[in-house]
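Q: Next come a sequence and a model predicted from it.
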Number of protein chains: 2
Amino acid sequence: MVLDPPLAHPLVGRLAIIGIGLIGSSILRAAAARKLAGTLIAYDGNEAVRARAAGLGLADLVAETPAQAVADADIIILCVPVGAMAAVAQDIAPHVKPGAIVSDVGSVKASVLNALRAHLPEGVHVIPGHPVAGTEYSGPDAGFATLFQNRWSILTPPEGADADAVARLSQLWSAMGANVETMTPEHHDLVLAITSHVPHLIAYNIVGTAADLEDVTQSEVIKYSAGGFRDFTRIAASDPTMWRDVFLNNREAVIEVLGRFTEDLIALQRAIRWAEGDKLFDLFTRTRAIRRSIIEIGQETAEPDFGRERG
Amino acid sequence: MVLDPPLAHPLVGRLAIIGIGLIGSSILRAAAARKLAGTLIAYDGNEAVRARAAGLGLADLVAETPAQAVADADIIILCVPVGAMAAVAQDIAPHVKPGAIVSDVGSVKASVLNALRAHLPEGVHVIPGHPVAGTEYSGPDAGFATLFQNRWSILTPPEGADADAVARLSQLWSAMGANVETMTPEHHDLVLAITSHVPHLIAYNIVGTAADLEDVTQSEVIKYSAGGFRDFTRIAASDPTMWRDVFLNNREAVIEVLGRFTEDLIALQRAIRWAEGDKLFDLFTRTRAIRRSIIEIGQETAEPDFGRERG
Ligand SMILES: NC(=O)c1ccc[n+]([C@@H]2O[C@H](COP(=O)([O-])OP(=O)(O)OC[C@H]3O[C@@H](n4cnc5c(N)ncnc54)[C@H](OP(=O)(O)O)[C@@H]3O)[C@@H](O)[C@H]2O)c1
Ligand SMILES: NC(=O)c1ccc[n+]([C@@H]2O[C@H](COP(=O)([O-])OP(=O)(O)OC[C@H]3O[C@@H](n4cnc5c(N)ncnc54)[C@H](OP(=O)(O)O)[C@@H]3O)[C@@H](O)[C@H]2O)c1
C-alpha cells in the first residue's frame, strides 16, 4: 500500500514527537512523506536514539531537551511507554504554549488521561489517542510511513474537550491513513483488553509454559513450532517495558477479561475430559466466522499462514 | 522455496493416498513433482472431492473405492481426520497386500497406532507418521507441493517395527523436503500438545470469549483486531472436524499441558493484581529468546508481522 500524495498546505505548523521508537518514528515518516507539518520536531530520552533519528533524517530538528522540543509546538504527541507518560508530561508542562494540543499514542487510556491532566496546565488541550497498529519490533529503525494506513486510531477526549482541537487531531490521523474513532477512555481500555492486552498476556504465558515443561525439551518446542505455537511467539516477542506498563496500567479490565477467558477455558477442558465432541465442534465452527469478518473488512490477509514464505 | 528436481527412479512403485484434503493433496503434488512413485493413486470418501482431484490431475488414478485404491499399493498413507482412521483401516484391511506399509498423517499418534493395529492384518507394516506442517485451509485446492519443505515429519514406529520399512517411509518424507524424526507415540502426543494442540485450543477459546462479551461489540472486536487478537484467529479458523478429533484423541496430554498453562496464567494474573512489574518484565524478556531461536532454525520468518502486507 502507498500513502496519498503530499498536501499542498501543511495541516499543522509545528508538530513535536516525544519518543522516537516504532510509533513515534512512524508518525514522523508519515508526516514527512505527506508534508503534514510545517516543521517536524523530535525528542527522545535516549541519546543514541536521538543520534540515530538525526542520522535517518526523521525530523527537521532533533531537540536536545523536552523543553526545546515542545516550545511553540502546535501539536505534541507523546510516544513513550505508558509508564513514562507522567514524567514526560511533567518535563514539558512549563514549556507547552497555551492552545497547543497534547496527545499520546499509549496503549492504555484512562491512566494516561489522568497522568496528562495532572501535570499539564489549563489552556492546553489534552486529547489522548491510540493508533491500533504496530509490529513486534521497536526503535527508530522499526517504523514505516504506512503503519497507520487502513488501521483504526482511537481518540479518547475528556468530557468538555474542545471540538475544534479534537477535529484537528483527527484530521492529522486521517491524513496518515488511519480511520478515526472516539470513545471514552474506560471503554477503550476494555475493548483493548480483549483485542490486544489479554491476547498478548496469553501469548507470553504459553511461551513461558512451553519453556518450563520438564518432559519436552526447548529444542523440541522450537523444532515443532510450525504446528501452531510459533504464531504466539510473534506477539510474545514484543517490547517488555511497553507491555509491563500496559498491564500495570490496565489492571482492572485485564483481570476482568482474563476471568472470562479462564472460565471459558475450563468449560472447554471439561468438554474434552467428558468427550463432548459436539460442544467442541460448535465452538470451532463459530470462531471461523470471526476471522472471515476480519479479512472482509481488510484488517487481515486471506493468504494461508498470513502469507508467510512457503516452505 | 522450490523442490529439488525429479528423481531418475521412483522410490515407491504404487503410492496410495486416502483422503485428498490439504495434506493428502500436498503429498500427491510433491510426489508428482519429484516423480517419487511409479503410480499415484488417490481415494476420498467425498465424491465431490474425488471429482475435483481428478479435475486437478492430482493422481494417475482416482479410485472409486478404498479397495481399488489400496490393491497392490506398496505404501498407503491415510490422510483423513484422526477420528476416521479406524473406519478407513477397517475398509482397506482385506485389500492391503502383505509387506505393504500403512502410514498416516494424523495429528495424534497413540490412538491412531492402536486403531490401525486393531484392524490391519499381521504382515502389513504399520508405521504412523505426522508431518508438522499445515495451514488453516482444507480440501484438495488448499494443498501445495512445498508444504513439507524444511518442516519436520515425525514417525512413530511401534516397538519391533521393520527397520527397512521405516527407512523406506523416511526416504519418502525426505524426498518431499521434510526432516524426519522418530519418537514414541506417547512422546509425540505430549510434544504436540504444547506445540500445537493447546495453542489451537487457546486460540479457539479467546476468539469465543471475545464473541461472547456483553460490553464489547463483535464489530469492535473485528475493527481493533490488529492489536494482537487477529493473530489468534488464524488457527481458530482451522477445520472443526479435524480439531474436534484431535482433542478427543489426545485428552490426557492436552489436559496435562492445559493444567500447567492455567497455573502459570493465574500466577501472571496475580502479578498484575499486585503490580509486580519485575515478574512481568522477566517473563516478557525470557519469551523473546524463544522466538529468536525459531527464526534462527528457519521455522519462522523474521519479517515484522509475519510479513503480512503492510498497511
Ligand atoms: N509497539 C506497538 O505495537 C504499539 C502500538 C500502539 C501503541 N503503542 C504505544 O506507543 C508507545 C511507544 O511504543 P513504541 O513501540 O514506539 O516504543 P519504542 O519503540 O520502545 O520507543 C519508545 C521510545 O521512547 C523513549 N523513552 C522512554 N522513556 C522516555 C522519556 N521519559 N522521555 C523521552 N523518551 C523516552 C525510549 O527510549 P529508550 O530506548 O531509552 O527506552 C524509546 O526510544 C507506548 O506507549 C505503546 O504503548 C505501541
Ligand atoms: N491441516 C493441518 O494443518 C494438518 C497438519 C498435519 C496433519 N494433519 C492431519 O492430517 C489429516 C488430514 O487433514 P487435512 O487438513 O488434510 O484435512 P482435509 O483437508 O479436511 O481433508 C480430509 C479429507 O478426508 C476425507 N475423509 C473423511 N473421512 C473419510 C473416510 N472415512 N474415508 C475417506 N475419506 C475421508 C474428507 O472428506 P469430507 O470432505 O467428506 O470430510 C476430506 O476430503 C488429519 O488427520 C489431520 O489431523 C493436518
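A: Cool, got the structure. Residues are numbered from 1 along each chain as shown, chains lettered A, B, ... in the order given. Ligands and ions are numbered 1, 2, ... in the order given.
Q: In terms of helices and strands, where is the nearest residue to A:Ile27 once chain neighbours are set aside?
A: Of all residues not flanking A:Ile27 in the chain, A:Ile17 sits nearest, at 5.7 Å (C-beta to C-beta, 6 or more residues apart in numbering or on different chains). C-betas here are computed from N, CA, C, even on glycine. Using DSSP states H and E, A:Ile17 maps to strand A:12-18.
Q: The closest residue to ligand 2 within chain A: how many residues sit nearby?
A: At 7.3 Å from ligand 2, A:Gly227 is the closest residue in chain A, using C-beta to the nearest ligand atom. Using other C-beta atoms under 10 Å in any protein chain shown, A:Gly227 has 25 neighbouring residues.
Q: isn't it right next to B:Leu192, touching?
A: Yes: here A:Gly227 reaches B:Leu192: they are 6.1 Å apart, a contact under C-beta atoms under 8 Å.
Q: So which residues of the stretch 101-250 of chain A form helices?
A: A:110-119, A:163-175, A:185-192, A:198-212, A:218-223, A:229-235, A:240-249 (DSSP state H, counting those that start in this stretch).
Q: A:Gln218 contacts B:Arg286, correct?
A: No: if you go by C-beta under 8 Å, A:Gln218 and B:Arg286 don't touch, sitting 11.2 Å apart.
Q: Between the two, which contacts overlap?
A: A:Ala211 (C-beta atoms under 8 Å, 6 or more residues apart in numbering or on different chains).
Q: who's in contact with A:Ala161?
A: Per C-beta under 8 Å, 6+ apart, neighbours of A:Ala161: A:125-127.
Q: same thing but 7 Å
A: A:125, A:127 (C-beta atoms under 7 Å, 6 or more residues apart in numbering or on different chains).
Q: ok, the helix or strand containing A:Ala89 near chain B or not?
A: Secondary-structure assignment from DSSP H and E places A:Ala89 in helix A:85-92. No: if you take C-beta under 7 Å from any C-beta of the partner chain as the test, helix A:85-92 misses chain B, and the best it gets is 14.9 Å.
Q: hmm, back to that, from the helices of the stretch 101-250 of chain A, which stretch is densest packed?
A: helix A:229-235 (a mean of 26; mean count of other C-beta atoms under 10 Å in any protein chain shown).
Q: so what does that one touch, helix or strand wise?
A: helix A:198-212, helix B:198-212, helix B:229-235, helix B:277-296 (3 or more C-beta pairs under 7 Å, 6 or more residues apart in numbering or on different chains; DSSP states H and E).
Q: let's see 10 Å
A: helix A:198-212, helix A:218-223, helix B:198-212, helix B:229-235, helix B:277-296 (3 or more C-beta pairs under 10 Å, 6 or more residues apart in numbering or on different chains; DSSP states H and E).
Q: mind listing what the closest residue to A:Ala302 other than its chain neighbours touches?
A: Take A:Ala302 and drop its neighbours on the chain: the residue closest to it by C-beta to C-beta, 6+ apart is A:Ile295, 4.8 Å away. Residues counted as contacts of A:Ile295 (C-beta atoms under 10 Å, 6 or more residues apart in numbering or on different chains) are A:301-303, B:222, B:230, B:233, B:237.
Q: Wait, A:Leu113 touches A:Pro158, no?
A: Yes: at 6.1 Å, A:Leu113 and A:Pro158 qualify as touching, with contact defined as C-beta atoms under 10 Å.
Q: Check the contact lists of A:Gly227 and B:Leu192 and give me the overlap.
A: Joint contacts of A:Gly227 and B:Leu192 (C-beta under 10 Å, 6+ apart) are B:107, B:130, B:132.
Q: residues contacting A:Gly57?
A: If you count contacts by C-beta under 10 Å, 6+ apart, then A:Gly57 has A:28, A:32 around it.
Q: and if you look at the one 10 residues further on?
A: With contacts defined as C-beta under 10 Å, 6+ apart, the neighbours of A:Ala67 are A:43, A:91-92, A:94-96.
Q: swap in A:Val257?
A: A:190-195, A:197-199, A:201, A:250, B:206, B:209-210, B:213, B:215-216.
Q: And for A:Phe148?
A: Per C-beta under 10 Å, 6+ apart, neighbours of A:Phe148: A:3, A:23, A:26-27, A:30, A:105, A:131-134, A:173-179, B:311.
Q: Need phi/psi at the residue of the stretch 101-250 of chain A found nearest ligand 1.
A: Closest contact between the stretch 101-250 of chain A and ligand 1, by C-beta to the nearest ligand atom, is at A:Gly134 (1.8 Å). Here is the backbone geometry of A:Gly134 (degrees, to the nearest 10): phi 170, psi 180.
Q: same check, this time on the one 3 residues further on
A: A:Tyr137 has phi and psi values of phi -100, psi 160 when expressed as degrees, to the nearest 10.
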